[in-house]
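Participant: need the 3D shape of this:
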Amino acid sequence: MKNPEIKATETPANGDILDKIEAVLEKNRKVILGICILITTLLCYLLFDARMSFATDDAEYIKRANNFVLNSAYPSYQGSLYPLFLALLIKIAGFHVPMFKMFSSIVIIASVFFFYKAFKGKVPYLVLFTVLIYLSINSYYLYFASQTFTEAFVLFIESIAFIFFLSHISLLASKPSIGASWKSWLMFGFFLFLLSITKNILILGVGSAALYFIIYTEWLNVVLAVVSFLIFKLPYELMTKYVFHVQPSAQFGQAQLKDFYHPELGNEDFPIGYVDRFFDNFNTFVSVQVFKVLGLRPEHEGIRAEDEANFLLTLIFAATIIFVFITLFKKNRFLVFSMLYALIVWAFSFAALQTSWHDQWRLVLPYTPYILIAFLGAFWLRAKGAKQPIFKPLLVGLMIIFVIIQFPLTSEKVSANSRGLKHYVKGDMKYGVPDQYVDFVTVCDSIKEKVPPTAIIATGKPGEASVYSGFNNFQRIPMPTKDESADSVLAALKKQGVTYLFMDGFSRQVANSIQIIQKQYPNKLMPVLQSGPDPEHSVYLIQVKY
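Facilitator: Numbers count the residues shown, from 1 in each chain. So this is what the prediction gives:
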């Protein structure tokens, strides 16, 4: 297994332009890393945003963490590890949303450092620092430095995991016995396990590792990769099932639906429906969202991603993947592993994701750095081995341009955020709340004072309602059927324990339930809170009298 680590100190300073750049970067590597970390820290501050996004997922992580602290309800949906860390913060310092967001800043900054540690000596410094600077200044990544989505935490865990993954691959190059490598195998399996509980889709990390060893025909390592993972995963599953009584995650069932928002349409057709999904998602996410995250396409507000999709860009990207794989296969196994990890997660995501989620670029973002470093590593190898000298300065010039094009969008977002920054650093998370959410936040502010602690409130945004009200007993309710009676709706609400209905302006389930009950039993609905004097533009909290 030939794949020696790159020794930058051995590159001659009097060689070609790539050799000279390597010598300079190697000599100043600590200074450059420090600059990257300082820039990341500064931009995390300048882009800090204390507002919740109202995209639901970010608030749901906080809600699950708080529910674990209050009720020992173990968080399993979407991934357990991040809510568990938030729960630890709640236990230490209390329920403080700006603190959760600052935690995201810390892990984003740390991920830059650990990404460097993971790939140092595995790729040329020119490639490594190009990716590192990109991560330090790209606004898409920095966005998560002040959000409570899981992406910042995923980037952090990934970067640490890759230190051990690539170190293990390096160890295997000497073909050690199991007796000499078992500790390294355990760390390999442990971090595969950590990824799997950080984000449920990352259980595919095991598949990526297995595929990596399969393509190099290392059959024993395939078995050892799976076994090392199961050593940690099986006890964990038994513990969560029998200690915390965790039920199977609903995510798999939701992925099978034809339409997440209309479950009545049934499950996707197998296999044709999933194949169609894959190609539709691959085209849109790659040609639009990946290119945007890389800074290679501009943002267009109000335009749907599917309307921007470009099949030619998708073909170019797919052809580049093949080119990169062929280039790296025998020359850099570290980057082959890196690319396989990202591609496997993307492939299964594209088959599982609803096509209505094309605009969620965050779904591809955590894995893009591992594709990018593989691409740049392959280009470097090709340029280095090219007989035509023009390719070397051309590669350097393109890398410089790639870094420079990240600045305009980041600068624009810093400028847009500057007015709210003084409010956010004081913990004012309500400053700049979008107009359509002002009434929602107004009612949430009063809920904890107006309803008993045992109340259960139905809403379409339980996470956001929990965060803004400091009250944790919010739930979603199912959509009433078209001809459902008021008695049936009331019986379903009573069975779920719902005592209040939050007509929040977003939940059709709550609005339809209220309309059905209102027609037959208006006296069973008693308004408790109203956001404003205008009944047509207000949101309400309504008590249900059974």
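Participant: pLDDT weak spots in this protein?
Facilitator: 1-14, 249-250, 252, 261-262, 424-430, 533-537 (pLDDT under 70).
Participant: grab the most central residue of it for me.
Facilitator: For the chain, E151 is the residue whose C-alpha lies nearest the centre (Cα atoms, centre = their mean; 3.1 Å).
Participant: show me what contacts that one?
Facilitator: Contact partners of E151, counting by Cβ atoms under 8 Å, 6 or more residues apart in numbering, are 144, 362, 365-366. In this view, the C-beta of every residue, glycine as well, is placed from N, C-alpha and C.
Participant: identify the farthest-apart pair in those residues.
Facilitator: F144 and P366 (9.0 Å; Cβ to Cβ).
Participant: identify the contacts common to those two.
Facilitator: 151, 155.
Participant: picking that back up, just among the contacts of E151, which is most surrounded?
Facilitator: For those, the largest neighbour count, defined by other Cβ atoms under 10 Å, is 27 neighbours, found at F144.
Participant: so how far is Q388 from it?
Facilitator: From F144 across to Q388, the span is 41 Å (Cβ to Cβ, to the nearest Å).
Participant: with L43 instead?
Facilitator: Relative to Q388, L43 is positioned 38 Å away (Cβ to Cβ).
Participant: likewise for I169?
Facilitator: According to Cβ to Cβ, I169 and Q388 sit 32 Å apart.
Participant: just to revisit the earlier point, now the contacts of E151 as a markdown table including secondary structure?
Facilitator: Below are the contacts of E151 laid out as a markdown table (DSSP: H, G, I helix; E, B strand; the rest coil):
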| residue | secondary structure |
| --- | --- |
| F144 | helix |
| R362 | helix |
| L365 | helix |
| P366 | helix |
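Participant: number of residues surrounding L315?
Facilitator: 13.
Participant: actually K120, not the one I wrote
Facilitator: 17.
Participant: contacts only, for the closest residue to it other than its chain neighbours.
Facilitator: Leaving aside its chain neighbours, K120 sits nearest to L128 (6.7 Å; criterion: Cβ to Cβ, 6 or more residues apart in numbering). Contacts for L128 (Cβ under 8 Å, 6+ apart) come out as 116, 119-120, 373.
Participant: now, which of the contacts of E151 sits nearest F348?
Facilitator: Nearest member of the contacts of E151 to F348, counting by Cβ to Cβ, is P366, at 14.2 Å.
Participant: chain neighbours aside, what residue packs nearest to that closest one?
Facilitator: V154 (4.5 Å).
Participant: now do the contacts for that neighbour.
Facilitator: By Cβ under 8 Å, 6+ apart, the residues touching V154 are 82, 198-199, 202, 366.
Participant: wait, a strand at it?
Facilitator: No. In this structure, V154 is helix, not part of a strand, as judged by three-state DSSP.
Participant: and it, how close does it get to T56?
Facilitator: Counting by Cβ to Cβ - V154 and T56 are separated by 18 Å.
Participant: repeat that for M399.
Facilitator: 38 Å.
Participant: check T217 too.
Facilitator: For T217 relative to T56 (Cβ to Cβ), the value is 45 Å.
Participant: surely L541 and S531 touch.
Facilitator: No. If you go by Cβ atoms under 8 Å, L541 and S531 don't touch, sitting 9.2 Å apart.
Participant: how much space between A87 and S80?
Facilitator: 10 Å.
Participant: which of the two has more neighbours?
Facilitator: S80 (23 against 20).
Participant: the stretch 351-500 of the chain: strands as residue ranges?
Facilitator: For the stretch 351-500 of the chain, the strands defined by DSSP state E, counting those that start in this stretch cover 457-458, 474-475, 500-503.
Participant: how far does the first one sit from its chain's centre?
Facilitator: Taking Cα atoms, centre = their mean, to the nearest Å, the mean C-alpha location of strand 457-458 is offset from the chain mean by 28 Å.
Participant: one more: stretch 246-263?
Facilitator: 19 Å.
Participant: then stretch 463-480?
Facilitator: 22 Å.
Participant: now do stretch 77-94
Facilitator: Distance, centroid of stretch 77-94 to centroid of chain: 16 Å (Cα atoms, centre = their mean).
Participant: and what of stretch 245-262?
Facilitator: Mean-position distance between stretch 245-262 and its chain equals 18 Å (Cα atoms, centre = their mean).
Participant: list of residues touching it?
Facilitator: 74, 76-78, 200, 240, 263, 265-268, 273, 352-354, 356.
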